[in-house]
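Engineer: give me coordinates for this.
(one chain, ligands or ions: 1)
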Amino acid sequence: MGKWDFYTSNEIKPTGWLRRQLEIQAAGLSGNLDKIWPDVRESAWIGGAREGWERVPYWLDGFLPLAYLLEDADLIARGKKYIDAILSFQKEDGWICPCSEEARATYDTWAVLLISKVLTVYYDCSRDERIPGVLYRVMKNYYDLLKSGEVKLFAWGKARWFEGFIAIDFLYRRKKEDWLLDLAKILKEQGTDYNTLTGLWKRPLNRWRQETHIVNLMMMLKYEAVSCELLGEPYTDNAERLLSILSEYNGTPVGLITGDECLSGLSPIQGTELCSVVEMMYSYELLYAATGDSKWAERLELLAFNALPATLSEDMWAHQYVQMSNQIACQKFPGRSLFRTNGPAAHIFGLEPHFGCCTANFNQGWPKFALSTFLHSGDTVISALPVPSELRAEEGTVLLETNYPFENSLHYTVTAKKAFTLKIRIPSFAENRTLDGIPFTEEELSLSFALGEKRAFTVSFETKPLFIDRPHGLHTAKCGSLVFSVPIAYEKKMYEYTDRGVERKFPYCDYEYLPRSEWSYGFCSSVLKKKRGPVSEIPFSGEKPPVMLEAEVQKIDWGLEDGFETVCAKIPLSVEPLSEPMPILLYPYGCSRLRMTELPFVGKE
Ligand SMILES: [Zn+2]
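Structural biologist: All right, here's what the predicted structure looks like:
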């Protein structure tokens, strides 16, 4: 299936704050990982002795589109060096992963699924003509090994079987060969059937298992969208059913599912792993493209504007393994961990807090989001994500100038090189919609352009701040796709050290964030007033947030979680007001590295 097709990184040019965000990423850890991190710098994928499984493919999955979106010759050359090396190690029979022939049976072929996807991403960026042939031999060899039983899916490969469908689809579009459909069937048969597991998702366990693993589950959301056509099955929107169960028992106010690192329930102090944020975004990008259903684009916005920036440092050199919605400190626990299976430092910001998967995998978040701004089908283009970007395609150019989501004016300038239709997705929460000042009510605008036509127009709408109900009698302020938190001022403590041969040295060091302002509040008024500021050089700045909400709060005795000095209690001890009402400025969740997001109303149990 496929309602919309993606453009390539040659056709989409991010502008405005989105380009600035990508430039920060390129100047930060993503753009330098091959220089500083042994698992990428000396990876077995390029002939070294370090990790030869998921870390290099994960990094390339974001680094390559980042390089091409920014048209940065140095980054492009460094990416190509990795691709050239990986291709040079491909065996006669097609096998491409760094593992000996004898070890194949015990090698978790999640890496085959992952590298095959990454090679399609590289092809979309580079149009490197070697790739279709390389991929054909990779997947044909994988098919032969699975078919003969020499290789079986287990562990991660079994949990993530559907990831191989990106490459199968890529090949099947070029060559309609039956073995590709047979490979699709084998992967599904040997892979995990998530529909049988929903009973496990309703009550968290302090036990690590694949079936409740948060990254598996967020990847899984796209399984039907990527597999149904190749399997000859109908599309049933099963992702909606599975997501609604996950959300009901584990949802957060920014649209995440808790997992630290397996499903962790509805508590505002349990964490969500960064890998799951970017995988959930990627799932939503593919679900939107496959179905055209705007609910997926809207859910994608919620993650991109809140969960992703909040869990990365402003310079994008440091990240958390897990983020919490009520996060009063990011300090290593001196004793046992608060998290269900993650260690006591999983929520600090650093090079590889807890484990290094997110260090390599978070890179795909912003670049793939940027690649989803405009999509197309036949002679129709859709402006799917109303963020600053320019499309330069065979249809013509579409320039979108805006500071959305921080403000709600979208200025389009279209120059048509042929006749085409431009659709514009309007968020469901948009009120008082106008096109050049004329009111409209559609959720998708449709404008036709004739060959050679040039036209500029402005779409505007309003978003009203409101409170959404959360479990445990708590509430969260929201406005459009932005979630708001009580920001907590902090002091950063920097740690430089070397552990197991991996150096932490500024700017790629670890940081603890210590709270330096009051956080124990309850809301006392339902009035929320929006305040605008300029978008600064750091779009999700904690110093100069581009938009704020003024709210009224009173102090309460919230209390600390039993056994912890740096974690607020799951729910407040008391909601009795301890002060007069006072105004407070709420910051976007994405701008507040320490924050309280889920609060009670004072006096209401
Ligand atoms: Zn991770």
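
Engineer: rest of the way, CA atoms for contacts and neighbours
Structural biologist: Fine.

Engineer: which residues of the stretch 251-400 of the chain lie near the ion?
Structural biologist: Counting by Cα under 5 Å from the ion, the positions of the stretch 251-400 of the chain adjacent to the ion are 275, 357-358.

Engineer: the residue in the stretch 401-550 of the chain positioned nearest to the ion - how many residues pack around it?
Structural biologist: Residue nearest to the ion within the stretch 401-550 of the chain (Cα to the ion): residue 510, separated by 16.5 Å. For residue 510, the neighbour count with other Cα atoms under 10 Å is 24.

Engineer: and if you look at residue 457?
Structural biologist: Neighbours around residue 457, by other Cα under 10 Å: 13.

Engineer: now do the one 3 residues further on
Structural biologist: Counted with other Cα under 10 Å, residues neighbouring residue 460 total 20.

Engineer: in contact with it, which residues are there?
Structural biologist: Shown in contact with residue 460 (Cα atoms under 8 Å, 6 or more residues apart in numbering): 408-410, 432-437.

Engineer: please report how far residue 287 lies from residue 237.
Structural biologist: Taking Cα to Cα, to the nearest Å as the measure, residue 287 falls 9 Å from residue 237.

Engineer: ok, the two, which is more surrounded?
Structural biologist: residue 287 (27 against 14).

Engineer: can you tell me the helix or strand for residue 18?
Structural biologist: helix 16-27 (DSSP states H and E).

Engineer: average model confidence for the helix or strand just after that helix?
Structural biologist: Sequence-wise, the next helix or strand downstream of helix 16-27 (DSSP H and E) is helix 33-36. Averaged over helix 33-36, pLDDT sits at 98.

Engineer: give the burial count for residue 207, as a bare number.
Structural biologist: 11.

Engineer: how about the residues of the chain near the ion?
Structural biologist: Counting by Cα under 5 Å from the ion, the chain sits next to the ion at 275, 357-358.

Engineer: can we see that at 8 Å?
Structural biologist: Contact residues, the chain versus the ion (Cα under 8 Å from the ion): 215, 273-276, 321, 355-359, 361-362.

Engineer: weed out the non-buried ones from those residues.
Structural biologist: 215, 273-276, 321, 357-359, 361-362 (16 or more other Cα atoms under 10 Å).

Engineer: how about a markdown table for those residues, with pLDDT, secondary structure and distance to residue 482 added?
Structural biologist: Below are these laid out as a markdown table (pLDDT from 0 to 100; DSSP: H, G, I helix; E, B strand; the rest coil; distance: Cα to Cα, whole Å):
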| residue | pLDDT | secondary structure | distance to residue 482 |
| --- | --- | --- | --- |
| 215 | 98 | helix | 24 |
| 273 | 98 | strand | 20 |
| 274 | 98 | helix | 19 |
| 275 | 98 | helix | 21 |
| 276 | 98 | helix | 19 |
| 321 | 98 | coil | 22 |
| 357 | 98 | helix | 27 |
| 358 | 98 | helix | 24 |
| 359 | 98 | helix | 25 |
| 361 | 98 | helix | 24 |
| 362 | 98 | helix | 21 |
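
Engineer: need the nearest residue in space to residue 11, chain neighbours excluded.
Structural biologist: Excluding the flanking residues, the one nearest residue 11 by Cα to Cα, 6 or more residues apart in numbering is residue 392, at 4.9 Å.

Engineer: can I see the domain layout of the chain?
Structural biologist: 37-191, 375-462, 466-596 (automatic domain parsing).

Engineer: hang on, the earlier thing: touching, the residue of the stretch 401-550 of the chain closest to the ion and residue 349? I think so.
Structural biologist: Yes - with contact defined as Cα atoms under 8 Å, residue 510 counts as touching residue 349 (5.8 Å).

Engineer: overlap of the contact sets of the two?
Structural biologist: Contacts common to residue 510 and residue 349, judged by Cα under 8 Å, 6+ apart, are residue 318.

Engineer: other residues contacting the helix or strand harbouring residue 67?
Structural biologist: Taking DSSP H and E as the criterion, residue 67 maps to helix 55-69. By Cα under 8 Å, 6+ apart, the residues outside helix 55-69 that reach it are 9-10, 12-14, 22, 26, 30-31, 39-40, 43, 45, 73, 75-76, 79, 111, 114-115, 118, 121-122, 125-126, 357, 360-365, 367-368.

Engineer: rerun at 7 Å
Structural biologist: If you take Cα atoms under 7 Å, 6 or more residues apart in numbering as the criterion, helix 55-69 is touched by 9-10, 13, 22, 30-31, 39-40, 75-76, 79, 114-115, 118, 121-122, 125, 357, 360-361, 363-364, 367.

Engineer: helix/strand/coil for residue 587?
Structural biologist: strand (DSSP: H, G, I helix; E, B strand; the rest coil).

Engineer: can you pull the pLDDT of it?
Structural biologist: pLDDT recorded at residue 587 is 98.

Engineer: what pLDDT does the model give residue 491?
Structural biologist: Looking at residue 491, its pLDDT is 98.

Engineer: pretty sure it sits in a strand.
Structural biologist: Yes - judged by three-state DSSP, residue 491 forms part of a strand.

Engineer: thought it was touching residue 514?
Structural biologist: Yes - between residue 491 and residue 514 a contact is recorded at 5.2 Å, counting by Cα atoms under 7 Å.

Engineer: neighbour count: the two, which is higher?
Structural biologist: residue 514 (18 against 13).

Engineer: how about the contacts made by the nearest residue to residue 467 once chain neighbours are set aside?
Structural biologist: Distance criterion Cα to Cα, 6+ apart; nearest residue to residue 467, sequence neighbours excluded, is residue 477 at 4.5 Å. Residues in contact with residue 477 (Cα under 7 Å, 6+ apart) are 465-468, 483-484.

Engineer: can you pick the most crowded of these?
Structural biologist: residue 484 (30 neighbours).

Engineer: ok, and the closest non-adjacent residue to that one?
Structural biologist: Residue 484's closest residue in space is residue 588 (Cα to Cα, 6+ apart), at 4.4 Å.

Engineer: what does residue 441 give?
Structural biologist: Closest to residue 441 by Cα to Cα, 6+ apart is residue 433, at 6.5 Å.

Engineer: for the one you found, which three-state class applies?
Structural biologist: Here residue 433 is recorded as strand under three-state DSSP.

Engineer: what's around it, how many residues?
Structural biologist: Neighbours around residue 433, by other Cα under 10 Å: 20.

Engineer: give me the pLDDT for it.
Structural biologist: Predicted confidence (pLDDT) for residue 433: 98.
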